[in-house]
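Chemist: predicted model follows, preceded by the sequence.
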Amino acid sequence: MTEGLAYRLGIPLEEGRYPGGEYSRRIEHGLIVERNVDVVMRDGVRLRADVLRPATAPGPFPVLLTYSPYGKHSRKSVEMFVGDGASSAFAIGQHSHYTVWEGPDPLFWAGQGFAVVNADSRGSWGSEGTLTFYSAKEAEDGFDLVEWCGRQPWSNGRVGMSGVSYLASSQWSVAAMQPPSLAAINPWEGASDQYRDRATHGGIRETRFRTWWLESTSYSRTRVEDVLVMAVRHPLFDSYWAERAPDLSAIRVPVYAVADWGDQGVHTRGTIEGFKRVSSEHKWLEVHGQYKWPYFYREESVQRQLAFFRSFLVEGAPAFDRPRVSIEVRENHLRGEFHDEEHWPPPATEYRSLFLDAAAGALAPDEGASAAEFPYDSTSGSATFEYVFAEDTEVTGNVRLQVWMRTEEADDLDVFVGLEKLGRDGTKVGFVAQSMFPDGPVALGWLRASHREVDESRSTPGQPWHPHHQELPVPCGVPVLLDVEILPSSTLFRSGERLQLVIAGSDLYPYPGETVALGHAETRNRGKHIVCTGGATTSRLVIPVVARSRAGS
């Protein structure tokens, strides 16, 4: 759907320190390094790619492909985005100056007998055409790039896709097109549904992170899709967004998907949904509680990537020997323990209801509290509810909040939900948030009340499915039931520790303006919001509890 798009002029390439687009070939550090190789797409448009492969062997080699608008020349240091000493987690020798932003290190992979191809997407940097994001044309180009890699004389005909964030999101779209030469994908924290995962959380348009992202991604000689304008034009899930949510069930190649619990609102949901919905016989999921970039490059992670790609790209290599699901159950910031599962959600999951009690500000295991209300100012206040665990309890998976709410001063309401862990003394326990901050929540959820329609055929006990196809009026002063999807997480609560539910009308974690964080500046809130509990407006929080003794923990 390239018709009807809004565009802006591309940022001059010189502002991105573009080294130029002339072809070159050099041999250095045991690599044959070809820069700015022309790759011709089916419509004649030429994309530019860098090819790095071993100089010490004739090949043919298995190929790793990365594909994004971030710039194949980019050497941005991920240390600039991670604080709290997280950069110390980098493995020496696994992140050379050949490494593109969020991509695999060609120096390492060539040493293991692989070729690495880094391509600039259509319209970005030196590639011809118009730059669009997550579009059908971009996926089609990805298909052509895979097949080009598979046909080269230095290729063994088996191509894998690798990389983080955009380099991961593009893998879902390309794999859904089933290019014959694609042998495996390793989407490392990438959205698979741009509407639900990134752009409109619960129907509420995200305005901060995506503004920064577009301004840092729009280097082009031509024009660039203005995703901010398009989000305003398309507030509901329509054909524009459907094009940016690939048919995951069409993916059949082996998948090794990796996510982190702290990347909520960007990649956590999409990575886990991708794993759940692909049709691949061979698929694995790993979810950690660390910072995304150091975790991708640490030595043990790279060795798992190597074992995965060898098993499917190299003839006669050992099978990838990993548990189908491996998740880190967190206790606090950067502290957790991995547990292996047969599938997702874990087989030993039990869904328990905790009932909201507005009078006591509590979550109770038993229904029966009298009707009560908890009002808060929709622009600055919040409603909180606490539950104290009587025994050690693991909460792993999606959480579902079914809450009755009303407003007397507006015709809609935007709800921001957070789950927090409190210590026995009531102090907040922090976790990695947005892959950058150490003081985040357990999990987040959002919902615009007019988007409250739920498709029960696609919902599960712990996760409602909102089609976002229409807006339902919110009658003034009348309570409506909101079924809020709280994104997946995994946390161990010790006996005496508390789960706190926070409901508000604005972002719960408004990090300083100079940081790259999520934000929702345009809400439909006005006046007070009222949380209604008990009686005819019984409200509940459905939490997924993993029985550790039955989970083999």
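Modeler: Sure, I can see it. In this text the structure is predicted, and so the values were computed from the model without any measurement. Numbering: from 1, shown residues only.
Chemist: CA atoms for contacts and neighbours, from now on please.
Modeler: Noted.
Chemist: would you check that residue 495 makes contact with residue 391?
Modeler: Yes - taking contacts as Cα atoms under 8 Å, residue 495 lies within contact range of residue 391: 4.2 Å.
Chemist: these two: who's more crowded?
Modeler: Under the criterion of other Cα atoms under 10 Å, the comparison of residue 495 against residue 391 puts residue 495 first, with 14 against 11.
Chemist: got the buried residues for stretch 220-238?
Modeler: 220-228, 230-231, 235-237 (16 or more other Cα atoms under 10 Å).
Chemist: what's stretch 469-485 in contact with?
Modeler: Outside stretch 469-485, the residues that touch it by Cα atoms under 8 Å, 6 or more residues apart in numbering are 202, 236-238, 398-412, 445-447, 449-454, 463-465, 532, 537.
Chemist: which of the residues you listed are buried?
Modeler: 202, 236-237, 398-408, 410-412, 445-447, 449-454, 463-465, 532, 537.
Chemist: run a quick neighbour tally on residue 170.
Modeler: Counted with other Cα under 10 Å, residues neighbouring residue 170 total 29.
Chemist: make 254 the starting number, not 1.
Modeler: New numbering, starting at 254: the last item is residue 423.
Chemist: mind checking pLDDT for it?
Modeler: Note on residue 423: pLDDT of 97.
Chemist: other SSEs contacting the strand or helix carrying it?
Modeler: Taking DSSP states H and E as the criterion, the element that holds residue 423 is helix 419-429. If contacts are counted by 3 or more Cα pairs under 8 Å, 6 or more residues apart in numbering; DSSP states H and E, helix 419-429 sits against strand 314-321, helix 389-404, strand 408-417, strand 435-441.
Chemist: any chance of these in TSV, with mean neighbour count too?
Modeler: TSV is the format used below for these (neighbours: other Cα atoms under 10 Å):
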stretch	mean neighbour count
strand 314-321	28
helix 389-404	21
strand 408-417	25
strand 435-441	27
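Chemist: using CSV, lay out these together with mean pLDDT and distance to residue 371.
Modeler: Output for the helices and strands packed on helix 419-429, formatted as CSV (pLDDT from 0 to 100; distance: least, Cα to Cα, whole Å):
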stretch, mean pLDDT, distance to residue 371
strand 314-321, 97, 5
helix 389-404, 98, 10
strand 408-417, 98, 10
strand 435-441, 98, 15
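Chemist: list the contacts for residue 702?
Modeler: Residues in contact with residue 702 (Cα under 8 Å, 6+ apart) are 665-668, 725, 727, 733, 735.
Chemist: among those, name the buried ones.
Modeler: 665-668, 727, 733, 735.
Chemist: any idea which residue of this structure is furthest from its center?
Modeler: Ranked by distance from the centre of the chain (Cα atoms, centre = their mean), the top residue is residue 623, with 40.0 Å.
Chemist: quick check, pLDDT for the residue lying closest to that residue once chain neighbours are set aside.
Modeler: Computed as Cα to Cα, 6 or more residues apart in numbering, the closest residue to residue 623 that is not its neighbour in sequence is residue 787, at 5.0 Å. The model reports residue 787 with a pLDDT of 97.
Chemist: does residue 787 touch residue 619 like I think?
Modeler: No - using Cα under 8 Å as the test, residue 787 is too far from residue 619 to be in contact (11.0 Å).
Chemist: quick one, which of these two is more surrounded?
Modeler: Counted by other Cα under 10 Å, residue 787 and residue 619 do not tie: residue 787 has more neighbours, with 21 against 10.
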